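J.: Here's my sequence, what's the structure:
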Amino acid sequence: MTEPVAAPDATITTTAVGVPTPAPDTAIKPSTPEPAAAPPAVAVPTADNLLVDPPKPAEGEPAKPAEGEPVKPDAPAAIKPEDYKIPEALVEQGFTVDDPTVKGYLTKAAELGLPQEQVAALMETVAPAIREQALAPYQAWKTLQDQWSAEIKADPELGGAKLGETVAKIRQGITAFATKPGATAEQVAAEVAKVDEALRITGAGNNPTFVRLLHHAFSRLTEGNHVAGSPPGGGQKRSPAEVLFNHADNRKA
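T.: The predicted structure is shown next:
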């Protein structure tokens, strides 16, 4: 008859070498609360002590250095571009501190805090470059105008031996159409002067395409036009201004 085997004790386990070890504790334990953060420190007002603390400067008065501390010099006032004087070499050529090219150099010098002596020396060195840079747009404009003028003079229709006639025809047309009919000589002269100024400023007076356009237009208008409806041989010539302003299509109702 076999004897019953007792159930193993659940609280004891045996290791590989037969040494009993306690079973792991699986019971749920209450968590330990974290300690509360300390409240922020309260700012406690303090008072200066006349015998211990260094005296404070009065309101608006700069702070004095502590005993033994070296005195710092005051910062120099900021330099402005207009504070500089440009060299006489540039003044003689018509440059001023307001010139865009010169002002660019002076603005950079002011940012770097350069003294007047260094700025003058540098600008005297680069004066030729400043002049060349400032005149570059004007030189390009002149080159273009010369190119246009040469093209007109070489044009077989407008230039060569016909150049004088071309210019005279256009001048006649400008004088005729600068004002409406009935204007006084003074009014005509004033308006023609405005046209001439516009031709110079824009350069249109040298533009081959524009000159050719004016020459064609004024040549046709000054060719002698007959009044519509007149019998053959009984037509009358009209001035260019009358052709343009007194034409039936241009009359006001």
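J.: distance of residue 99 from residue 87?
T.: 13 Å (C-beta to C-beta, to the nearest Å). For every residue, glycine as well, the C-beta is placed using N, CA and C.
J.: I should have written residue 110 there, sorry.
T.: 17 Å.
J.: can you give me the helices in the stretch 51-200 of the chain?
T.: With helices called from DSSP state H, counting those that start in this stretch, the stretch 51-200 of the chain shows them at 88-91, 100-112, 116-154, 163-177, 185-202.
J.: Quick one: closest of those helices to residue 215.
T.: Ranking the helices of the stretch 51-200 of the chain by distance to residue 215, with C-beta to C-beta as the measure, places helix 163-177 first at 5.5 Å.
J.: Buried residues, the closest one. List them.
T.: Across helix 163-177, burial judged by 16 or more other C-beta atoms under 10 Å covers 166, 169-170, 173-177.
J.: Would you mind getting the angle between that helix and helix 185-202?
T.: For helix 163-177 against helix 185-202, the angle by axes from the mean of the first three to the mean of the last three C-alpha atoms, to 10 degrees is 120 degrees.
J.: Isn't residue 99 up against residue 133?
T.: No. Using C-beta atoms under 8 Å, residue 99 is not in contact with residue 133, being 10.4 Å away.
J.: May I see the helices of the stretch 51-200 of the chain organised as JSON lines, with distance to residue 216 added?
T.: Shown next, in JSON lines, are the helices of the stretch 51-200 of the chain (distance: least, C-beta to C-beta, whole Å):
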{"stretch": "helix 88-91", "distance to residue 216": "48"}
{"stretch": "helix 100-112", "distance to residue 216": "41"}
{"stretch": "helix 116-154", "distance to residue 216": "14"}
{"stretch": "helix 163-177", "distance to residue 216": "10"}
{"stretch": "helix 185-202", "distance to residue 216": "17"}
